[in-house]
Structures are given as structure tokens and as C-alpha cells.
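S.K.: my questions concern the predicted model and sequence given below.
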Amino acid sequence: MSFEQSFIETARFRVCFVCTGNICRSPMAETILKRLASQSGLGGNVSITSAGTGDWHVGEPADDRTLAALASRGYNASGHRGRQFDPAWFDELDLVVVFDRSQERTLKSWASTDQDRSKVQLLLSFDSRQSPMNDVPDPYYSDAALFDQVLSMIEKACAALFRQITPGIRQGTS
């Protein structure tokens with residue numbers, strides 16, 4: 001799937017979640033934010049996707065533990081396929097959300113302008129209770145318990161993020 005195919009053309013706001021391999025954290029956040037937008041009636045006004053900094057899992061589904069953690073809370077990410085972030089996407093995005101400071105450094109180094117660098121934000125920065133932690137741990141080399149813990153962190157941070165971007169998404173809607 002190309003980048004263009006993953007966005008709603010009429011969307012007023014476009015966000016991409018970027019983790020390392022696009023099979024754990026970023027698919028969780030994409031799935032959660034899509035549900036929040038849909039439940040609020042704003043699903044057609046915001047486009048949400050995800051990608052990884054690396055190409056190791058391009059075309060692969062989300063990690064089985066990601067899918068299981070999401071399913072245990074009523075989410076479905078079975079259609080997810082991994083892909084790698086392309087710096088050319090910056091022009092089309094309003095926000096690029098990363099999960100740790102390493103990804104933040106990588107994405108900011110890929111950005112060619114100060115405007116594009118300003119689009120890169122740590123997910124936990126949107127949640128005042130979690131922001132002192134900076135990083136969402138990568139659960140890939142751990143067990144199901146860490147996947148569940150990471151999912152909880154991402155749910156809280158995505159709720160805070162959605163509250164902050166909703167006014168901008170609502171602008172111009174009737």
C-alpha cells in the first residue's frame with residue numbers, strides 16, 4: 001500500500017505513528033486513535049497510519065502478541081501490514097508521533113526543514129502523567145505482560161493526544 005492510499009483525501013488532520021519495526025507499538029497507537037476518532041464521529045476528518053524506522057518487517061502483520069493484547073481489549077488490527085517511514089511523507093503529515101528518544105532523533109535527522117522537525121513528537125509528551133518517562137518501552141523482546149503494560153500506556157497517551165488535536169480536527173466541520 002502506498003502512503004497516499006493510507007490517507008483519506010478530505011482529512012483535515014494527518015498523523016503517522018512511527019516505532020522501530022511497525023509491528024508492536026505503532027500499530028497499537030494507530031488502532032487506538034482510529035477508534036477514538038471513529039467513536040467521536042470525526043473518523044472522516046482525520047487520517048491515521050503507522051510505520052517503522054527500519055525495514056525489517058515491511059509487509060508483515062503486527063506481532064502476534066500485539067494482536068492478542070489489542071484483541072483482549074476489543075481492538076482489531078488484523079489488517080495491519082508493516083511498512084517503513086519515508087521522509088518524503090513529511091510534506092503530507094501534520095504530526096509524526098514516536099515512542100522513544102531514539103526514534104525522535106532518527107525522524108528529526110530525516111526531516112529536511114525545521115517545520116518538519118517540529119512535527120516529530122514523543123507520544124508520552126501528550127499525557128502529563130506519563131510525560132516524565134519520555135519513552136514507551138519496546139515490548140518486542142519481552143513477554144505478554146509487557147505488551148499489556150505498553151498497551152495501557154499507549155491508550156492513555158492516545159486519549160490525551162486525541163483531546164489535544166480534536167479542536168483542530170473539528171474546525172470547519174458542520
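M.R.: It's in. Keep in mind the model is a prediction, meaning the values are calculated, not measured.
S.K.: what segments of the protein are helices?
M.R.: For the chain, applying DSSP state H gives helices covering 25-39, 64-72, 101-110, 114-118, 144-170.
S.K.: show me which positions of the shortest one end up buried.
M.R.: Think helix 114-118. 116-117 (16 or more other C-beta atoms under 10 Å). C-beta: built from backbone N, CA, C; applies to glycine.
S.K.: how about the first one?
M.R.: With burial defined by 16+ other C-beta under 10 Å, the residues of helix 25-39 counted as buried are 25-37.
S.K.: same list (the helices of the chain) but as a markdown table, adding distance to Glu92.
M.R.: Formatted as a markdown table, the helices of the chain follow (distance: least, C-beta to C-beta, whole Å):
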| stretch | distance to Glu92 |
| --- | --- |
| helix 25-39 | 16 |
| helix 64-72 | 26 |
| helix 101-110 | 14 |
| helix 114-118 | 11 |
| helix 144-170 | 16 |
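S.K.: go ahead and measure how far stretch 36-48 is from the middle of the chain.
M.R.: Stretch 36-48 sits 14 Å away from the centroid of its parent chain (C-alpha atoms, centre = their mean, to the nearest Å).
S.K.: got the end-to-end distance for it?
M.R.: 11 Å (C-alpha to C-alpha, to the nearest Å).
S.K.: just to revisit the earlier point, ok, the buried residues of helix 25-39 vs Gln84, which is closest?
M.R.: Gln84 lies nearest to Ser26 out of the buried residues of helix 25-39, by C-beta to C-beta, at 11.3 Å.
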